[in-house]
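Visitor: need a structure here:
(one chain, ligands or ions: 1)
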Amino acid sequence: MAILVTGGAGYIGSAAVEDLRGKGETVVVLDNLVYGHRKAVDSSVAFYEGDIGDESLIQKILDEHTIEACMHFSAFAFVGESVEKPDIYYENNFVQTLKLLDVLIKNNVKKFIFSSTCATYGEPQYVPIDEKHPQFPTSPYGWSKFMVERALADYDTAYDLKFVALRYFNACGASGDCGEDHTPETHLIPLVLFAAQGKRDSIAIFGDDYPTPDGTAIRDYIHIADLSQAHLLALEHLRNDGKSEFINLGNGGGYSVKEVIEAARKITGRNIATKIAPRRAGDPSRLVADAKKAREVLGWNPQFPEIEKIIESAWNWHEAHPNGYE
Ligand SMILES: NC(=O)c1ccc[n+]([C@@H]2O[C@H](COP(=O)([O-])OP(=O)(O)OC[C@H]3O[C@@H](n4cnc5c(N)ncnc54)[C@H](O)[C@@H]3O)[C@@H](O)[C@H]2O)c1
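Guide: Have a look, this model is predicted:
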């Protein structure tokens, strides 16, 4: 039996592929390589290039492999772009996911692990955010993920699909040979490290007047190795006939933008110039997870909660891959 990993050539999916293989699992990757990298997946892994919404391709994969479960990482994930082009986000992230689910269910593949996001919560009404926090996303990206969550709950009722929807906070760090190579890059840690490498002059701090101790926004950073482990535990949960769950993945504390930059200066030993820019619309002051449920239900125990360890792994990867995967 094999695990189908969609988006397995992407940042987080490729780390999960490696960890699954490390556990002796057989893996099949499906990725259209719009954002992923063929080199992020070992050449020995069965690899299909194409869309998750291509029903005949999904059927072909299911005919050629005995698929037990699907880990569904593939999505477009640029929040700003989703505001400008909501159509492609709803089509790629929601409509195509329904097509994937249809074929899986028709073939009796009913274990599904979904990459959801803290963006499904929208503006926090309280922090830390637990799974009962109201969900009202502030972007089409967040809504596209929220709509998949709703569909999963209804597919469980109607078709007995069992799923774990993992709501990640801010994924970061590098795991083994897998690191962050997004184009365009929008995430803070790689951008800070690009500044340390001299690839950019400075790093913009969007707002230094938030109601936080140093005035900059606080986010919950979570190492991709810890995210990946949660997927393996979610798979075990479903194998043990666990019920469908929505589960946050974060560390609970959070670090401010200034703390991340300071840690990066320490790890890299480089000067990192900053400039203060206005707050960005819709950027809350604190986005931090209550991840108690992941510990209780999955037995999840993150190994890399400290920002220094996260940045160190990312820095080592960026230094070893100055041009990313290319
Ligand atoms: N990176 C984060 O901080 C973060 C936070 C919360 C949730 N997530 C979610 O985690 C998942 C993985 O994120 P990532 O950072 O690894 O992104 P990524 O862009 O590196 O990986 C996504 C992969 O999916 C592929 N893909 C996209 N649409 C596809 C389609 N229709 N068919 C086949 N392949 C397709 C892309 O080519 C890419 O390789 C996404 O679903 C994202 O929404 C990420």
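Visitor: hang on, residue 92 packs against residue 78?
Guide: No - applying CB atoms under 8 Å, one finds residue 92 not in contact with residue 78, separated by 11.3 Å. Glycine gets a C-beta too; all of them are placed from N, C-alpha and C.
Visitor: and the two? which has more neighbours close in?
Guide: residue 92 (22 against 16; other CB atoms under 10 Å).
Visitor: residues in contact with that one?
Guide: Shown in contact with residue 92 (CB atoms under 8 Å, 6 or more residues apart in numbering): 53, 75, 76, 144.
Visitor: Who wins on neighbours among these?
Guide: Going by other CB under 10 Å, residue 144 tops these with 27 neighbours.
Visitor: in which helix or strand would I find it?
Guide: Following DSSP states H and E, the helix or strand that holds residue 144 is helix 140-159.
Visitor: and that helix, which residues are buried?
Guide: 140-149, 151-152, 155-156 (16 or more other CB atoms under 10 Å).
Visitor: near the ligand, anything from the helix or strand following that helix?
Guide: Tracing the chain C-terminally past helix 140-159 and defining elements by DSSP H and E, one meets strand 162-168 next. Yes - Strand 162-168 is in contact with the ligand by CB under 6 Å from any ligand atom, via residue 168.
Visitor: Over to stretch 254-271?
Guide: No - using CB under 6 Å from any ligand atom, we find that stretch 254-271 stays clear of the ligand, coming within 13.7 Å at best.
Visitor: gap between that stretch and the chain center?
Guide: 22 Å (CA atoms, centre = their mean, to the nearest Å).
Visitor: A strand includes residue 190, no?
Guide: No - secondary structure of residue 190 (DSSP: H, G, I helix; E, B strand; the rest coil): helix, not part of a strand.
Visitor: Spell out which residues sit in contact with it, please.
Guide: Contacts of residue 190 by CB under 8 Å, 6+ apart are 180, 182, 314, 318.
Visitor: contacts for stretch 278-285?
Guide: Contacts with stretch 278-285, where a contact means CB under 8 Å, 6+ apart, come from 123, 124, 138, 139, 206, 207, 209, 210, 211, 212, 217, 218.
Visitor: quick check, nearest of these to the ligand?
Guide: Closest to the ligand out of those is residue 139 (11.4 Å), distances taken as CB to the nearest ligand atom.
Visitor: if we can go back for a sec, so which of the buried residues of helix 140-159 is the closest to the ligand?
Guide: Closest to the ligand, out of all of these and judged by CB to the nearest ligand atom, is residue 145, at 6.4 Å.
Visitor: can I assume that closest one is in contact with residue 117?
Guide: Yes - using CB under 8 Å, residue 145 is in contact with residue 117, at 5.2 Å.
Visitor: Narrow the contacts of residue 190 to those that are buried.
Guide: 180, 314, 318.
Visitor: Shouldn't the first one be within a helix?
Guide: In other words, residue 180. No - assignment of residue 180 by three-state DSSP gives coil, placing it outside any helix.
Visitor: For the ligand, see how far away it is.
Guide: Going from residue 180 to the ligand by CB to the nearest ligand atom, to the nearest Å gives 7 Å.
Visitor: hmm, back to that, for the contacts of residue 190, give me CSV that also has distance to residue 249 and pLDDT.
Guide: Compiled in CSV, the contacts of residue 190 are given as follows (distance: CB to CB, whole Å; pLDDT from 0 to 100):
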residue, distance to residue 249, pLDDT
180, 17, 95
182, 19, 94
314, 18, 97
318, 23, 96
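Visitor: Output those as TSV; include the columns distance to residue 223.
Guide: TSV is the format used below for these (distance: CB to CB, whole Å):
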residue	distance to residue 223
180	11
182	17
314	9
318	15
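Visitor: quick one, phi/psi of the nearest residue to residue 268 once chain neighbours are set aside?
Guide: Excluding the flanking residues, the one nearest residue 268 by CB to CB, 6 or more residues apart in numbering is residue 196, at 4.2 Å. Here is the backbone geometry of residue 196 (degrees, to the nearest 10): phi -60, psi -30.
Visitor: For residue 196, report the pLDDT, please.
Guide: According to the prediction, residue 196 has pLDDT 96.
Visitor: Break the chain into its domains for me.
Guide: Listed domain ranges for the chain are 2-172+222-249, 188-219+252-289+303-320 (source: automatic domain parsing).
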